[in-house]
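In: I'd like to go over a predicted model; first the sequence, then the structure.
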Amino acid sequence: MTAEPTNIAPVETRLKDLRLDSPLVEFVARLVTFDRREVSRRSDGSRRAILSGLLSDGTASVRFTWWDPPREGIERGMVVRVVGAEVREFRGRPEVSIGWRTRVGPASPAELPRLDTETLPFRTVKDLRPSEEGFRIEGRVVRVAAKSVSVGSERRVVHEGILADRTGAIAFSAWSDFGLRAGEAVRVTGAYVRGFRQRPQLVLDERSMVVRIDGTDLPEPAQLLESPPRSIAQVEDEGGGEAIAVEGVVVGLLPPSGLVFRCPTCQRSIRSGICRVHGQVEGQPDLRARIVLDDGTGALTVNANRADTERLWGVTLEEAQTRLRNQPDPSLLEEQLLESLLGRRLRVRGNGSADEFGVTLLPESIERIDIDLEAAAEELAARLGERP
């Protein structure tokens with residue numbers, strides 16, 4: 001991972017201090033993300049390998065381009081010492097260029113810059129944007145739960161939850177056990193923000209620090225988890241949110257709904273026994289309902305899991321499989337599911353994310369709301385009577 005040294009003495013710096021007029025620089029940083037590809041040389045059209053992505057040292061994140069990188073020995077998350085890199089401009093911001101004169105070698109996480117927490121800028125939840133770091137934030141832990149996940153070939157425990165302040169709520173994932181408990185108020189430094197399902201997410205790792213604080217001005221968990229429903233139009237404008245509640249009428253289903261089959265490895269839905277990642281597999285049966293909910297201001301999709309689908313439909317997975325054996329047409333099951341749900345009024349609470357297809361809500365709870373027809377008729381008549 002080394003190249004020829006330069007004759008100009010590099011200046012050791014932190015990423016937040018990089019400037020477009022900086023000389024050759026030296027720094028220690030973590031490879032947050034990278035992508036390997038080839039580009040064409042302007043001179044002769046030959047192909048040249050490059051590595052590009054994000055570097056972070058806890059004080060800032062910057063883009064980098066590594067020309068002719070090694071074929072092996074580079075991993076996401078590794079800490080490196082870079083000596084003799086150039087600082088160039090990319091869309092008005094500094095970008096690090098690693099060329100043949102630059103020396104790159106592995107470093108210890110202990111070599112990353114120490115963060116002076118008192119000098120870090122204060123941020124609120126609504127201020128946070130993906131790729132931001134080098135800040136401090138105060139909030140109340142709304143909920144937290146441990147989860148075992150696969151990272152490469154090993155199993156790790158991540159603590160996932162929601163942190164809230166007066167400006168909003170944000171999902172977080174902590175890769176170290178900070179002993180977080182629902183309801184406690186904390187000050188967090190050394191975390192960073194990533195984009196996850198089109199929403200910002202706060203990430204805490206081994207360099208993050210958590211301090212318990214008084215937090216008398218922070219909201220209580222119940223204020224978020226029991227907040228009244230919001231209009232779907234508002235949720236759309238805000239691009240989703242954490243632990244949001246909406247109410248609406250079921251106006252349709254999106255495919256695939258009803259009886260589906262999943263890959264036993266990645267749990268993706270499969271078609272004709274083919275997983276788009278793992279190829280030919282023996283599918284595992286499951287129930288799901290992709291419900292289109294409309295409240296008059298807009299519509300969103302609710303992805304109901306097996307338990308919620310069975311409860312709303314009144315048909316178990318085993319019963320659905322029996323129906324399929326008697327009538328081997330999955331579309332008939334989807335029609336029967338739609339008939340049982342169409343026109344129902346539901347209150348749904350969960351985490352919403354937005355993409356080019358609209359807002360999708362992953363529900364934590366789904367309640368059926370009985371409609372008082374007489375009261376609804378009186379309200380409608382009153383509204384009509386107010387019109388000139």
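Out: Good, I have the coordinates. Numbering: from 1, shown residues only.

In: Tell me the confidence at the nearest residue to Asp370 once chain neighbours are set aside?
Out: Using C-beta to C-beta, 6 or more residues apart in numbering and skipping residues adjacent in sequence, the residue nearest Asp370 is Arg345, 7.7 Å away. For every residue, glycine as well, the C-beta is placed using N, CA and C. Note on Arg345: pLDDT of 95.

In: ok, now which ones touch Arg345?
Out: Residues in contact with Arg345 (C-beta atoms under 8 Å, 6 or more residues apart in numbering) are 247-250, 368-371.

In: Filter the residues you listed down to just the buried residues.
Out: Among these, those scoring as buried are 247-250 (criterion: 16 or more other C-beta atoms under 10 Å).

In: tell me the phi and psi of Asp217?
Out: Here is the backbone geometry of Asp217 (degrees, to the nearest 10): phi -90, psi 10.

In: For it, give me its contacts.
Out: Counting by C-beta under 8 Å, 6+ apart, Asp217 touches Arg166.

In: now do Phe178
Out: 159, 204, 208, 210.

In: is it fair to say the last one lies in a strand?
Out: Yes - going by DSSP: H, G, I helix; E, B strand; the rest coil, the assignment for Val210 places it inside a strand.

In: Which residues does the helix or strand that Leu361 is a member of contact?
Out: Assigned by DSSP states H and E, Leu361 belongs to strand 358-369. Residues from elsewhere that reach strand 358-369 (C-beta under 8 Å, 6+ apart): 232, 235-236, 239-240, 243-244, 246-247, 293, 299-305, 308, 311-312, 344-354.

In: Which among those residues count as buried?
Out: Applying 16+ other C-beta under 10 Å to the contacts of strand 358-369 flags 232, 235-236, 240, 243-244, 246-247, 293, 299-304, 308, 312, 344-354 as buried.

In: Which of these fall in helices?
Out: 232, 235-236, 308, 312 (DSSP state H).

In: How many residues are close by Glu339?
Out: Residue neighbour count, defined by other C-beta atoms under 10 Å, stands at 10 for Glu339.

In: for the record, mean pLDDT for the longest strand along the chain?
Out: Secondary structure of the chain per DSSP state E: the longest strand is strand 240-262. Average pLDDT, strand 240-262: 93.

In: Okay, angle between it and strand 358-369 too, please.
Out: Here the directions of strand 240-262 and strand 358-369 differ by 90 degrees (axes from the mean of the first three to the mean of the last three C-alpha atoms, to 10 degrees).

In: and after strand 240-262, which helix or strand comes next?
Out: Heading C-terminal from strand 240-262, the first helix or strand you meet, by DSSP H and E, is strand 274-275.

In: Can you give the distance of that following strand from its chain's centre?
Out: Mean-position distance between strand 274-275 and its chain equals 25 Å (C-alpha atoms, centre = their mean, to the nearest Å).

In: just to revisit the earlier point, tell me the neighbouring strands of the strand holding Leu361, and mark each as parallel or antiparallel.
Out: Strand 358-369 has the following strand partners under DSSP bridges: strand 299-304 (parallel), strand 345-355 (antiparallel).

In: Check what pLDDT Pro330 gets.
Out: At Pro330, the predicted lDDT confidence score is 83.

In: pretty sure it contacts Phe261?
Out: No - the criterion here is C-beta atoms under 8 Å, and Pro330 misses it with Phe261 at 9.4 Å.

In: Would you mind measuring from the most centrally placed residue in the chain to Ile244?
Out: Residue closest to the mean C-alpha point of the chain, counted by C-alpha atoms, centre = their mean, is Phe196 at 1.7 Å. Look at Phe196 and Ile244: by C-beta to C-beta, to the nearest Å, they are 16 Å apart.

In: again with Phe34
Out: According to C-beta to C-beta, Phe34 and Ile244 sit 34 Å apart.

In: Helix, strand or coil: sort out Arg230 for me.
Out: Going by three-state DSSP: Arg230 is coil.

In: Which residue, other than its chain neighbours, is closest to Gly352?
Out: Using C-beta to C-beta, 6+ apart, the closest residue to Gly352 is Gly240 (3.4 Å).

In: contacting residues for that neighbour?
Out: 198-199, 351-354, 359-361.

In: Any chance of those in a markdown table with distance to Ala191 and pLDDT as columns?
Out: As requested, those are exported to a markdown table (distance: C-beta to C-beta, whole Å; pLDDT from 0 to 100):
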| residue | distance to Ala191 | pLDDT |
| --- | --- | --- |
| Gln198 | 20 | 76 |
| Arg199 | 16 | 83 |
| Asn351 | 19 | 90 |
| Gly352 | 23 | 91 |
| Ser353 | 20 | 89 |
| Ala354 | 23 | 87 |
| Val359 | 26 | 93 |
| Thr360 | 26 | 94 |
| Leu361 | 26 | 94 |
